[in-house]
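Asker: using only what follows, build the 3D model:
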Amino acid sequence: MNAFLKGTAGVLKWAGLALLAAIVLLVVGSVVVPPLTRGFTDRWGATDAEAAEKLPGDEWVKEPQQSATRAITIDASAGLVNQLVRQQGYKRAGWHGWDWFYDATGSGSFVDGHYSTRVVPELQDITVGDKVFINPAVSYLVAIDEKPSVFALYSGGDASGRSLDASESAQATAASTSWVWVAKPLGPNRTRLILRIRGDMRGQGAFVAWLFDNPLDFGGALFANKTLNGIKATAEALVAIR
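Answerer: This is a model prediction of the structure:
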């Protein structure tokens, strides 16, 4: 009996220590890491000039709570890069990232069963006013579609919860977010892909705003970087087999 009690106490002790360690990691990951790394992760791969440059769609979120500019150089044409960008999404071609995460969170169902490593012709027929879903509940409106240079998404809402398009962005008091993809040709087969994300969730309350500006900001940076690198790998692989 004493041995059983001692064994149980030992298990509970280690379980308690594991729980404490998990809490410490959670606190460090959500409170300490984002502010310390933001100066790097919010401009991952971008030059000073790119981070400071005014891009289409900046006006949609006038005083952003969060603004990030990330970039990558791709050895492929701007047209090909734009095609890969415009076909992304839930129940579309995926996000060139960690498929296991999207599958586990119910935001996958990609047309190829994983993020597409090809140009999907039936997904290229998308234009201003269409919706791109992130998951079954969240979507963005296509606000700019200027092939092959700019593809921009916007999501906003007013105090009543009504969804707004980019032309009504000045009325966005509850939340607003923009994703702007810019493919700049550096030559016939070389492109600079810039992704700017701006957002403001302060209308959703202090806790949601904190989540958006801390753990979600850091997590979003990791996923954005993974997506940019996935687009690069996919585009360059397609060029190699053509």
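Asker: and Glu53, what does it touch?
Answerer: Glu53 makes contacts with Thr69, as judged by CB atoms under 8 Å, 6 or more residues apart in numbering. To be clear about C-beta, it is placed using only N, CA and C from the backbone, and glycine gets the same treatment.
Asker: start at 572, not 1
Answerer: From this message on, residue numbering opens at 572, which makes the last subject Glu624.
Asker: against Asn653, how distant is it?
Answerer: 19 Å (CB to CB, to the nearest Å).
Asker: same check, this time on Ile715
Answerer: Shown here: Ile715 relative to Asn653, a distance of 12 Å by CB to CB.
Asker: overlap in contacts, the two.
Answerer: Taking CB under 8 Å, 6+ apart as the contact definition, Ile715 and Asn653 share the neighbouring residues Phe722.
Asker: ok, those two, which is more surrounded?
Answerer: Between Ile715 and Asn653, counted using other CB atoms under 10 Å, the more crowded position is Asn653 (23 against 19).
Asker: longest strand of this structure?
Answerer: Criterion DSSP state E: the longest strand present in the chain is strand 746-758.
Asker: in the helix or strand just after it, what counts as buried?
Answerer: Counting by DSSP states H and E, the element after strand 746-758 in chain order, helix or strand, is strand 761-771. Across strand 761-771, burial judged by 16 or more other CB atoms under 10 Å covers Thr762, Arg763, Leu764, Ile765, Leu766, Arg767, Ile768, Arg769, Gly770, Asp771.
Asker: tabulate those (JSON lines), appending distance to Ser749.
Answerer: Written out in JSON lines, the entries for the buried residues of strand 761-771 read as follows (distance: CB to CB, whole Å):
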{"residue": "Thr762", "distance to Ser749": "21"}
{"residue": "Arg763", "distance to Ser749": "19"}
{"residue": "Leu764", "distance to Ser749": "16"}
{"residue": "Ile765", "distance to Ser749": "13"}
{"residue": "Leu766", "distance to Ser749": "11"}
{"residue": "Arg767", "distance to Ser749": "8"}
{"residue": "Ile768", "distance to Ser749": "7"}
{"residue": "Arg769", "distance to Ser749": "5"}
{"residue": "Gly770", "distance to Ser749": "7"}
{"residue": "Asp771", "distance to Ser749": "10"}
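Asker: can you pick out the most distant pair from these?
Answerer: Largest separation among the buried residues of strand 761-771 by CB to CB: Thr762 and Asp771, giving 29.8 Å.
Asker: before we move on, the earlier item: between the longest strand of the chain and strand 761-771, how big is the angle?
Answerer: 170 degrees (axes from the mean of the first three to the mean of the last three CA atoms, to 10 degrees).
Asker: centre of the chain to strand 746-758, how far?
Answerer: In terms of CA atoms, centre = their mean, to the nearest Å, the centre of strand 746-758 is found 12 Å from the chain centre.
Asker: mind listing what's buried along that strand?
Answerer: Buried-residue list, strand 746-758, by 16+ other CB under 10 Å: Ala746, Ser747, Thr748, Ser749, Trp750, Val751, Trp752, Val753, Ala754, Lys755.
Asker: tell me the strands beside that strand, with direction?
Answerer: Taking DSSP bridges as the criterion, strand 746-758 forms sheet pairs with strand 721-728 (antiparallel), strand 761-771 (antiparallel).
Asker: tabulate the CA atom coordinates of that strand in CSV.
Answerer: Once non-C-alpha atoms are left out, strand 746-758 reads as follows in CSV (Å, rounded to 0.1, in the frame of the first residue of the first chain):
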residue,chain,number,x,y,z
ALA,A,746,-12.0,44.6,-37.3
SER,A,747,-10.0,45.0,-40.5
THR,A,748,-7.3,43.0,-42.2
SER,A,749,-5.5,43.2,-45.5
TRP,A,750,-3.2,40.8,-47.3
VAL,A,751,-1.4,42.3,-50.3
TRP,A,752,0.7,40.2,-52.6
VAL,A,753,3.0,42.1,-55.0
ALA,A,754,5.1,40.3,-57.6
LYS,A,755,7.8,42.5,-58.9
PRO,A,756,9.7,41.3,-62.0
LEU,A,757,13.5,41.5,-61.6
GLY,A,758,13.9,39.9,-65.1
